[in-house]
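>>> quick one, fold the following:
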Amino acid sequence: MFESLVDGFYAAFSAAQTEIYTRIVQPVLFATGLMSFADDAYDAVQFFLIGVLQIVLMLVLLRPLEAIAPAEAWRERRAVRVDVIYTLVHRLGLFNLVFFFAFRPLFDALQSWLRLMGFVNLNLEDVWPGVTDNAFASFLIYLVILDFAGYWYHRWGHSFRWWWALHAVHHSQRQMSLWTDNRNHLLDDLIKAAFFATIAILIGVSPVQFVLLVAVSEWLQSLQHTNTRLRFGWLGERLLVSPTFHRRHHAIGAGHEGRHRGCNFGVLFPWWDMVFRTADFSAAGVATGIRDQLPPPAGRSADYGEGFWAQQWLGLKRMAVSLKLHRPKRPNRPNDRPPASRTDRTESA
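Next up is the predicted model:
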């Protein structure tokens, strides 16, 4: 049944993609002399349609949750507006289009080099015979593998100062909402896209599967960031990351700033936090943000920027400072001598 639903959805989706491309995009490419980018433009239409579908589902299913049972009540939602921009840039395909134009040649070269070196992509059929005959089973296996990688990618983003300087853009939102998932530094997003695309190539994920995996993961992460008190129950909280579980990760002074170097790094599944002892299932309501955003004496009123470009620029400045501060010092050489003081020079004369 799952296969028939997927096939039906994909057929309808492909028909819509082809219709938009042939009626709107292709004439524009032809008129502007850009038909050499026809294949990439066709892919861009796919990203655009997936993003539209995601945003519609976010508004229909998640926005009511924020209105009915908010985790925090806000007098106004001005700080949320920039996150809407991030979401539109990512979900409507602009970021993915730039990534494909810039990096697809590199990944094509990577695949060619791997074939030349005799590397064969991981085949689930070799590991688990017959599993590829079940589309749902193979989808879940790939989802779990990529989520395990996502746990470590997320945790590394909190472990290295230069990386945290970028990831802090995401955590600096003090009005966390359904739009916050895509609030990231663009450089961090490029690293992330390259990381997961490489893993997908190595384990043999097909392009169609990868698009579906990304779409499902992104929508579930929008659910996690929703400003709601929604919980999944004792068992559900341990099967899928809930808004309450992930909100703890964003908590000021408790989640990513906790005594044990943070908690709740899981992207979709809390299993990895449970295995690696970083899970915190506390349900108490907590404010989100970064401690140094608070006024003194609790913080230092640090500025992370309010607008899109300000946040991007300040992230790069923080990264540059962190790299400069942690640049290894040149060891003293045997013949190195400190410069002579005025007194030394006088006595020597």
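>>> contact partners of stretch 222-242?
By Cβ atoms under 8 Å, 6 or more residues apart in numbering, the list of residues contacting stretch 222-242 from outside reads 54, 58, 62, 65-66, 68-72, 175-181, 220, 243-246, 264, 266-271, 274, 281, 283, 285. The C-beta positions use only the backbone N, C-alpha and C, and glycine is treated the same way.
>>> tell me the buried residues within those residues.
Buried members of those, scored by 16 or more other Cβ atoms under 10 Å, are 54, 58, 62, 65-66, 71-72, 175-181, 220, 243-246, 264, 266-271, 281.
>>> ok, now how distant is Leu114 from Gly204?
11 Å (Cβ to Cβ, to the nearest Å).
>>> between these two, which one's more packed in?
Taking other Cβ atoms under 10 Å, Leu114 and Gly204 do not tie; Gly204 has more neighbours (17 against 14).
>>> so what does that one look like in phi/psi?
Torsion angles at Gly204 (phi, psi; degrees, to the nearest 10) stand at phi 80, psi 30.
>>> quick one: pLDDT of it?
We have a pLDDT of 77 for Gly204.
>>> distance check, it against Ile141.
Distance, Gly204 to Ile141, by Cβ to Cβ: 11 Å.
>>> next, count neighbours for Val211.
By the criterion of other Cβ under 10 Å, Val211 has 17 neighbours.
>>> how far is the helix or strand harbouring it from where the chain is centred?
Val211 belongs to helix 207-224 when elements are defined using DSSP states H and E. Centroid separation for helix 207-224 versus its chain: 11 Å, with Cα atoms, centre = their mean, to the nearest Å.
>>> what is the mean pLDDT for that helix?
88.
>>> cool, and stretch 32-49?
Stretch 32-49 shows a mean pLDDT of 82.
>>> on that earlier part again, and the contacts of stretch 222-242, which of them are in helices?
Per DSSP state H, helices hold the following members of the contacts of stretch 222-242: Gln54, Leu65, Glu66, Ile68, Leu220, Pro243, Thr244, Phe245, His246, Trp271, Met274.
>>> those into JSON lines, with extra columns for distance to Pro296?
Shown next, in JSON lines, are the ones in helices among the contacts of stretch 222-242 (distance: Cβ to Cβ, whole Å):
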{"residue": "Gln54", "distance to Pro296": "41"}
{"residue": "Leu65", "distance to Pro296": "35"}
{"residue": "Glu66", "distance to Pro296": "32"}
{"residue": "Ile68", "distance to Pro296": "37"}
{"residue": "Leu220", "distance to Pro296": "38"}
{"residue": "Pro243", "distance to Pro296": "31"}
{"residue": "Thr244", "distance to Pro296": "30"}
{"residue": "Phe245", "distance to Pro296": "31"}
{"residue": "His246", "distance to Pro296": "29"}
{"residue": "Trp271", "distance to Pro296": "40"}
{"residue": "Met274", "distance to Pro296": "37"}
